[in-house]
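1. Sequence and computational prediction follow.
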Amino acid sequence: MEDALKVQNLSKKIGKKSIISNISFDVKYGETVGIVGINGAGKTSILKCLCGLWTKYEGKIFVNGFDFKDKPNECLFCMGTMIENPSLFPNMTLKQNIEYFGAFCTYDYQSRINLFLDFLKLDVFYNKKVRTFSTGMKQKACLLIVLMKKPSILLLDEPTSMLDPLSAEEIRIFLNYIKEKEKVSTLICSHNLVEIEDLCDKVIIIDKGKIIENIEINNNCTKLYKFEFANENIAKQTYKQSKEYETVLQGKNIFLRANVTNLKKYITEENPDFTNLSTDGNLQRIFSSLI
């Protein structure tokens, strides 16, 4: 069986400047792959080539076995993409946006939408205009519509950027749910290394348009996670409520030693009101040493 997505020797120039140089990787069926790098490393540029926004490039892109340049329509039909600043029609309600994009679906999408509305806690905003939505709600709504057509491949650019920690975690849980339920193949570009370790099976680190490392992710390994709270009182109250977990309280921070599964359980059950989440994980150390 072919890979869901295969990239061979992808290169892209703008004028005389090379922004992607000889990039090759693959995404297998049901696999989630992350691309990380500093600003300007070429992450979004790769996604723009993969989804057809940029058509002038060197190299080959195969989607479900189809050569993108030979069969662009077949390739795009398989994909759901959310790149840079996703937006909907702001003066239309969420319901009207769903109906507009639903007209392009080839099946009855309504039962699927009802499930997603409930999962993403958007059901109460169904008849509200999108311009009244918070940034997190808009991000969730865009993701809902991207997934509406049942794509077999997802291309996501910073899916939780500018979101509060709880909204970001809701989207990560939702993406893991879609991965397990529908075996969607996903390529994610993100600056959030905690997010990448949570969602991905493997990670590609790029710098100056080139791949400098490929890393397999083991979600069973234990890491030290740092939850930062607005003040010491909130941290202390949260700490008192989570005695069954291996936590340490230091000022306005709580440190949790756990694997990814237990991290999700802690966040879901305890619902901590944290302002930032970081980790002293392997990916962070590797990334810092390479870049």
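-> Great, that's in hand. Computed from a predicted structure; not experimentally measured. Numbers count the residues shown, from 1 in each chain.
2. Following whichever helix or strand K181 is part of in sequence, what is the next regular element?
-> For K181, the host element (DSSP states H and E) is helix 165-182. Note on helix 165-182: by DSSP H and E, the next helix or strand toward the C-terminus is strand 185-189.
3. Tell me the strands beside that following strand, with direction?
-> Sheet pairing for strand 185-189, assigned by DSSP bridges, gives strand 32-36 (parallel), strand 153-157 (parallel).
4. picking up where we left off before, and the helix holding K181, which residues are buried?
-> Neighbour-count burial for helix 165-182 flags 165, 167-175, 178-179 (criterion: 16 or more other C-beta atoms under 10 Å). Yep, even glycine has a C-beta here, placed from its N, CA and C like the rest.
5. Check stretch 111-119 too.
-> 112-113, 116-117, 119.
6. and what of stretch 228-238?
-> Those buried within stretch 228-238 under the rule 16+ other C-beta under 10 Å are 229, 234-235, 238.
7. With mean pLDDT and distance to G59 as new columns, can the strands paired with strand 185-189 be given to me in a markdown table?
-> Formatted as a markdown table, these follow (pLDDT from 0 to 100; distance: least, C-beta to C-beta, whole Å):
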| stretch | mean pLDDT | distance to G59 |
| --- | --- | --- |
| strand 32-36 | 94 | 16 |
| strand 153-157 | 95 | 17 |
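8. Would you point to the one among these that's packed deepest?
-> Of all the strands paired with strand 185-189, strand 32-36 carries the top mean neighbour count, a mean of 25, counting by mean count of other C-beta atoms under 10 Å.
9. what angle do it and helix 165-182 make?
-> 140 degrees (axes from the mean of the first three to the mean of the last three C-alpha atoms, to 10 degrees).
10. How about residues contacting whichever helix or strand comes after strand 32-36?
-> Remark: after strand 32-36, the chain's next helix or strand is helix 43-50, criterion DSSP H and E. For helix 43-50, the external contacting residues (C-beta atoms under 8 Å, 6 or more residues apart in numbering) are 5, 7, 10, 12, 19-20, 23, 35-37, 54, 57, 61, 68, 81, 83-84, 155, 157, 187, 189, 206, 209.
11. of those residues, buried ones?
-> 5, 7, 10, 12, 19-20, 23, 35-37, 54, 57, 61, 68, 81, 83, 155, 157, 187, 189, 206, 209.
12. circling back: with distance to E246 added, can I get the strands paired with strand 185-189 in JSON lines?
-> Converted to JSON lines, the strands paired with strand 185-189 look like this (distance: least, C-beta to C-beta, whole Å):
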{"stretch": "strand 32-36", "distance to E246": "27"}
{"stretch": "strand 153-157", "distance to E246": "32"}
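13. Among the ones you listed, which comes closest to E99?
-> Between E99 and the strands paired with strand 185-189, the tightest spacing by C-beta to C-beta is seen for strand 153-157, at 22.4 Å.
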